[in-house]
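Trainee: Here is a sequence together with a model predicted from it:
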Amino acid sequence: MKRSIPKVFAALAITAGLAQAGGAQAEPVVSDFTLDNGMRAVVIEDHRAPVVTHMVWYKVGSADEPPGKTGIAHYLEHLMFKGTEKIAPGQFSKIIAENGGEDNAFTSRDYTAYFQRIAKDRLGLVMGMEADRMRNVNIRQEDIVAERDVVIEERNSRTDSDPAGRFREQFNAALYLNHAYGKPVIGWREEIESLDRDDALAMYERFYAPNNAILIVAGDVTPDEVRALADEHYAPIESVELPDNDRATEPPHLAERRLVMRDPRVAQPRMSRVYLASSYVTDEGNIAESLSLLSDILSGGPSRRLNKMLTLDTDLALYAGAYYSGMQRDAGEFGFYAAPKGDTTLTELEGAIDWMIDELLDKGITEEELARAKKAAIASQIFAADSQFSLARRYGAALTIGLELDEVQNWRERVEAVTVDDVMNAARAVLVPERSVTGYLMKTKQGAKG
Amino acid sequence: MRTLAIAAFTACLAILPATAQDESRITEVVSPGGITAWLVEESAIPIVTMNIEFDGGARFDEPGKEGAINLTAALIEEGAGDMDNLQFAAALEELSSSIGFGAGRDGFTVSVSSLAENIAPTLDILRVALTEPTFEADAVERVRQQVLSGLRSSANDPQSVAGKRWFAEVFGDASYATPVSGTTETVEALTRDDLVAAFDKMVGRSQMKIGVVGDINAETLATLMDDTFGSLPEGTAVEIEPVEIREQGGLVVVEMDVPQSAVVLGHKGIMRNDEDFIPAYVMNYVLGGGGLTSRLTDEVREKNGLAYSVYSYLHPLDRAGLYMGGVATANERVAKSLELIRQEWARMAEGGLTEAELESAKKYLTGAYALRFDSNAKVARFLVGAQAANLPIDYIDTRNGLVEAVTVEDVQRVAQRLLKPDDLFVVVVGKPEGLKDADSLLEGIDG
């Protein structure tokens, strides 16, 4: 087998002062390799504790589901724990636990990921098990119904029991006119109820393959150790021919959209505004980095524009915030939310946010605001290095949606290069009414039927 | 220099044994001024994490003033010394540091994260926060409204309503009966004087447990602790007498128009210092503590598909031990889920564990112990928690041995002692169907 030499990305110290602090590194040592079958692997070294985090990420999420089958990606994730030809039904997690490990999985719009956290000497064991279920899962008919009920209860817990959960779902459906990001990851209840074994196996056969997967190992291991184990467990799996990307595209947005949802259980009304934006993947310049900094300039703390105006200067809101989510393959979102205080109406709150946006677009931001935002962003990345799991997740998500390793590694330099003009160009490109949805979540009117 | 006055005791083994690196040890650091911390030096990342717990927390809330400790804790960052909330936030931001304050049932917690090079000025901000909070009127009102908003929202959250009602029923008039955040009535009535009085009880040197992890040595830490905490008041004695817990089972249904009921259940358990704690912990892992591998998950989720999440846990408070559990399930499936949970409670009480189950539990619990120490933040939390529970400084080295020593007979004895399916007090929030048996049980209690 041909072995590539791992590309090791040297860590950069944040400041000269930090570099002297016992040789401490602000960024972990990260390397990668690719197996002949196309499976990509990233190793993140963290030698503080004798444990590893092992993850396999598949490039399949709810946005890849066929029409009428919402929830199948997530349902398949549940069924992946049922066993294989080698692992008896119900034994997968038990074997992990008996080896002192913990395991779970998560599904998103763009990916499905499986992970184990375990002592480093058990890395081979969990790799063997994960490799086995990549092609050999055994889903029995009797598991199908019970697990579907479990998913419906999960939907009840996450979405249907909480008016805010149902509001989010309605909101997303309005934000995307055509793209599958408008469908809930867990699926619409009516469609979950009719998912079956064939639906699950169709997704599995189509997307679960080494050339559609990313391996992430973080922890007390060396790249050589990971490479040897990956050669043993993952390399023998044959690649498959992957289907073309047939996701629906999003047409131009020509109309600003509004929705009002009323529910008797809403004790605290709130409003949201989301603009469709570039993501880190679709952006060819530095719009994503600029929007990330803009969200900090607007609401990174009590003194920031949005928070200060709404909670201190005007006393209109109990809380308010702005955010940018850009770690998606096909689109990003720039959002605002606020909860009114006292007699403030949602309309007044929305008016204040509009006023702030107008002022931002009219007068721009200062160099000082940008510098503060950059400093906060860089510091938060240093603190993030404390969590092995978060680091593994960051790299896994980035590579799975289509970013390159150096784009993750060079994030800090790209953030530092952002100028005031960049931020304002990004703001003008994105904060356009036609790209937005505004939603009010409020209590059912007195006398109205819930 | 005050280095000579530092008393240091180092546990024999590294906190994370397999790293076998000298700096990965728990050291007890006693400052010249007599302030103690447990320290793990860890220089891999140029940060320092300090966690502090002040004993007492919401236990200091007086009747009618519930929520005072919580509101007080939330107000500390809203103004201290000559800083208002914006200046306080700006001072931390300048250093890229963060300080969080939180109130719990038994303690007031502070968590500090700082770049190693900025730990001294960061702790100086903490000093001002802990000695000169201002409780400005407009800040009090602003944060009070935020707390009230949270209370309004949680009043419509089935899970939250179930938990609050359970504590209210089981603890009667003890302080644990009321939520840490208080009630709408008590929070609305709190005055600035109430907050000042709460603060005076909440913060004191004798109440502190400190855990530090990161790129800092004992000498520097000792000096900084005296600078930061030296001027705090001596402290307030905290009541530790156990409180009364309702021992009779029962059922309360709170009607709410939701598709899925939230169920909270439990009865008396044991405290952390009970000699049966470790066998009970092992037992609970098998009953309902082991995530996807527990008996409750097997029966309720895997075999019957009744719930996404079903669990049990030991909940040792400082003045009461609880054994609790919960499930969220569709209204029409509540009765069946409860029946299965009671059945598993009884099966464990009667039959305990098999040898095989015990071995599996031990393999998980001993093997996974290291997973609790894979970040500085987690280690810092452990250092404070271990001190608050009066565990020895070498506990981390002996703990797996304690688990290994548990026998089937130990678990059997503890299961019989602890698990009382008929004493389970159950709160269901939703529109559950077919709870006939439980209804009659309710009548028996209230009638």
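Mentor: Arrived safely, thanks for sending.
Trainee: For the stretch 351-450 of chain A, give me the ranges with low pLDDT.
Mentor: Scanning the stretch 351-450 of chain A for pLDDT under 70 picks out A:446-450.
Trainee: Chain B contacts on the stretch 51-200 of chain A?
Mentor: Residues of the stretch 51-200 of chain A that fall close to chain B, judged by C-beta under 8 Å from any C-beta of the partner chain: A:51, A:81, A:90, A:93-94, A:97-104, A:117-120, A:122, A:145-154, A:156-157, A:160-163. The way it works is simple: take the backbone N, C-alpha and C, and place the C-beta from them, glycine included.
Trainee: and the residue lying closest to residue B:202 once chain neighbours are set aside, what does it touch?
Mentor: Residue nearest to residue B:202 in three dimensions, not counting chain neighbours: residue B:108, with 4.8 Å by C-beta to C-beta, 6 or more residues apart in numbering or on different chains. The contact partners of residue B:108, by C-beta atoms under 8 Å, 6 or more residues apart in numbering or on different chains, come to B:53-54, B:56-57, B:69, B:73, B:101-102, B:202-203.
Trainee: Tell me if residue B:108 really is in a strand.
Mentor: Yes - applying DSSP: H, G, I helix; E, B strand; the rest coil, one finds residue B:108 inside a strand.
Trainee: Okay, it and residue B:388: tell me how far apart.
Mentor: 12 Å (C-beta to C-beta, to the nearest Å).
Trainee: Quick check: neighbours shared by the two?
Mentor: Common neighbours of residue B:108 and residue B:388, counting by C-beta under 8 Å, 6+ apart, are residue B:53.
Trainee: Spatially central residue in chain A, please.
Mentor: For chain A, residue A:327 is the residue whose C-alpha lies nearest the centre (C-alpha atoms, centre = their mean; 5.9 Å).
Trainee: Next: chain B.
Mentor: residue B:104 (7.0 Å).
Trainee: Does that residue touch residue B:59 like I think?
Mentor: No - between residue B:104 and residue B:59 there is no contact under C-beta atoms under 8 Å: 9.6 Å.
Trainee: how far away is whichever residue of the stretch 301-447 of chain B sits closest to chain A from residue A:116?
Mentor: Residue nearest to chain A within the stretch 301-447 of chain B (C-beta to the nearest C-beta): residue B:367, separated by 1.4 Å. To residue A:116, residue B:367 is 12 Å away according to C-beta to C-beta.
Trainee: re earlier: highest neighbour count among the contacts of residue B:108?
Mentor: Using other C-beta atoms under 10 Å in any protein chain shown as the neighbour criterion, residue B:69 leads those with 29 neighbours.
Trainee: Can you spell out the domain ranges of the chain, please?
Mentor: Going with chain A. Following the assignment in automatic domain parsing, chain A carries domains at A:16-233, A:257-443.
Trainee: hm, I was asking about chain B
Mentor: According to automatic domain parsing, the ranges for chain B are B:3-229, B:250-372+B:390-446.
Trainee: Quick check: residues of the stretch 251-400 of chain B near chain A?
Mentor: Going by C-beta under 8 Å from any C-beta, the residues of the stretch 251-400 of chain B near chain A are B:256-260, B:262, B:290-293, B:298, B:301-309, B:328-330, B:360, B:363-364, B:366-371, B:373-377.
Trainee: Okay, and which of those map to strands?
Mentor: B:260, B:262, B:328-330 (DSSP state E).
Trainee: now, the most widely separated pair of those?
Mentor: For these, the farthest-apart pair by C-beta to C-beta is B:262 and B:330; their separation is 11.5 Å.
Trainee: what's near enough to touch the residue in the stretch 51-200 of chain B that chain A sits nearest to?
Mentor: Per C-beta to the nearest C-beta, residue B:96 is where the stretch 51-200 of chain B lies closest to chain A, at 3.4 Å. Neighbour list for residue B:96: A:375-376, A:378-379, A:382, B:114-115, B:118 [criterion: C-beta under 8 Å, 6+ apart].
Trainee: From those residues, keep the buried residues only.
Mentor: Among the contacts of residue B:96, those buried by neighbour count (16 or more other C-beta atoms under 10 Å in any protein chain shown) are A:376, A:378-379, A:382, B:114-115, B:118.
Trainee: need the residues you listed in JSON lines with distance to residue B:91, can you?
Mentor: Formatted as JSON lines, the buried ones among the contacts of residue B:96 follow (distance: C-beta to C-beta, whole Å):
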{"residue": "A:376", "distance to residue B:91": "14"}
{"residue": "A:378", "distance to residue B:91": "18"}
{"residue": "A:379", "distance to residue B:91": "14"}
{"residue": "A:382", "distance to residue B:91": "19"}
{"residue": "B:114", "distance to residue B:91": "12"}
{"residue": "B:115", "distance to residue B:91": "14"}
{"residue": "B:118", "distance to residue B:91": "11"}
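Trainee: Now flag whichever of those residues is closest to residue B:191.
Mentor: So of those, ranked by how close each gets to residue B:191 (C-beta to C-beta), first place is residue B:114, at 34.6 Å.
Trainee: looking at this, the closest one is in a strand?
Mentor: Yes - assessed with three-state DSSP, residue B:114 lies in a strand.
Trainee: so what's it up against?
Mentor: Counted by C-beta under 8 Å, 6+ apart, residue B:114 has contacts B:47-48, B:50, B:95-98, B:122-123.
Trainee: Which one (most neighbours) among these?
Mentor: Counting neighbours by other C-beta under 10 Å, residue B:47 comes out on top of these with 31 neighbours.
Trainee: What sits closest to it if chain neighbours are left out?
Mentor: residue B:214 (5.4 Å).
Trainee: Is that neighbour in contact with residue B:376, as I believe?
Mentor: Yes - look at residue B:214 against residue B:376 with C-beta under 8 Å: they come within range, at 5.7 Å.
Trainee: So between the two, which is more surrounded?
Mentor: residue B:214 (28 against 25).
Trainee: which residues does that one bridge with?
Mentor: residue B:41, residue B:48 (DSSP bridges).
Trainee: For it, give me the pLDDT.
Mentor: Listed pLDDT for residue B:214 reads 96.
Trainee: can you tell me which residues contact it?
Mentor: Residue B:214 touches B:41-43, B:45, B:47-49, B:116, B:119, B:376, counting by C-beta under 8 Å, 6+ apart.
Trainee: Just among those residues, which is most surrounded?
Mentor: Neighbour counts for the contacts of residue B:214 (other C-beta under 10 Å) peak at residue B:47, which has 31 neighbours.
Trainee: hang on, the earlier thing: put together a markdown table for the domains of chain A, with distance to residue B:145 on each row.
Mentor: Compiled in a markdown table, the domains of chain A are given as follows (distance: least, C-beta to C-beta, whole Å):
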| stretch | distance to residue B:145 |
| --- | --- |
| domain A:16-233 | 19 |
| domain A:257-443 | 6 |
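Trainee: For residue B:133, find the nearest of the ones you listed.
Mentor: domain A:257-443 (16.1 Å).
Trainee: For that closest one, measure first residue to last.
Mentor: 21 Å (C-alpha to C-alpha, to the nearest Å).
Trainee: Quick check: chain neighbours aside, which residue is closest to whichever residue of the stretch 351-450 of chain A sits closest to chain B?
Mentor: Closest contact between the stretch 351-450 of chain A and chain B, by C-beta to the nearest C-beta, is at residue A:379 (3.4 Å). Closest residue to residue A:379 in three dimensions, ignoring its sequence neighbours and counting by C-beta to C-beta, 6+ apart: residue B:96, at 3.4 Å.
Trainee: okay, that neighbour: pLDDT?
Mentor: The model's pLDDT for residue B:96 equals 94.
Trainee: likewise residue B:10?
Mentor: With respect to pLDDT, residue B:10 has a value of 32.
Trainee: Kindly report the same for the one 4 residues further on.
Mentor: In this prediction, residue B:14 carries a pLDDT score of 38.
Trainee: follow-up on the earlier one: which pair of the contacts of residue B:108 spans the longest distance?
Mentor: Spanning the widest gap among these are B:56 and B:101, at 14.2 Å by C-beta to C-beta.
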